[in-house]
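Student: Need coordinates for the following:
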Amino acid sequence: MSEESSVLHMEAVTYRETVRESDAADVRHIVHATGFFTPDEEDVAEELVLERLAQGEDSGYYFVFAEQDGTVLGYTCYGPTPATEGTYDLYWIAVAPACRHMGLGKRLLAVTVDKVRAMEGRLLFAETSGMEKYVSTRRFYERTGFTAEAVLKDFYRPGDDKVIYRLEV
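Tutor: Model (predicted):
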């Protein structure tokens, strides 16, 4: 989002599921700009877009992009959990820093939940770090109806727990 258009007009935000070639760079830019992810994680975020472009639905990755005036402001990546019935994973949710705390993440999640329901999903899982840096992420999940289901100690690295959240859709 440019400096000149730093005001988010929620009524002007559109949501799309179709993945475009330009989304790989947009996703990398947004994920990097958040300051929450490592370079390896940024690579993974971009790779999932490229997998979807190459394999379509067979990739198992689905996306919702939030846009205003042709600019991607945030996105989700989700998909069915292999070998389960109606269980989905929310792999990524990220919003451009200029759009944080404006309700865009909550709206993106709501659109994603609607898509999961339409695919006969019953559960949506999300995971995040237990580090202090991710307090706002954990609060976001809790405010949007997720409950902490499990904590895996030292999962990502020593001192960095994995917190798994569950939402009944």
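Student: what residue lies at the spatial centre of the chain?
Tutor: Taking CA atoms, centre = their mean, the centroid of the chain lies closest to Ile93, which sits 1.5 Å from it.
Student: Quick check: closest non-adjacent residue to that residue.
Tutor: Among residues not flanking Ile93 along the chain, Thr76 sits closest, at 4.7 Å (CB to CB, 6 or more residues apart in numbering). The way it works is simple: take the backbone N, C-alpha and C, and place the C-beta from them, glycine included.
Student: got a list of what Lys153 touches?
Tutor: Asp161 (CB atoms under 8 Å, 6 or more residues apart in numbering).
Student: Let me fix that, I meant to ask about Gly121.
Tutor: Listed by CB under 8 Å, 6+ apart, the contact set of Gly121 reads Pro80, Gly86, Thr87, Tyr88, Val169.
Student: backbone phi and psi for Thr76, please?
Tutor: With angles defined as degrees, to the nearest 10, Thr76 sits at phi -130, psi 150.
Student: okay, it: pLDDT?
Tutor: At Thr76, the model reports a pLDDT of 98.
Student: what sits opposite it in the beta ladder?
Tutor: Judged by DSSP bridges, the bridge partners of Thr76 are Val64, Ile93.
Student: Spit out the contact partners of it.
Tutor: Thr76 touches Phe63, Val64, Leu90, Trp92, Ile93, Leu108, Leu109, Val111, Thr112, counting by CB under 8 Å, 6+ apart.
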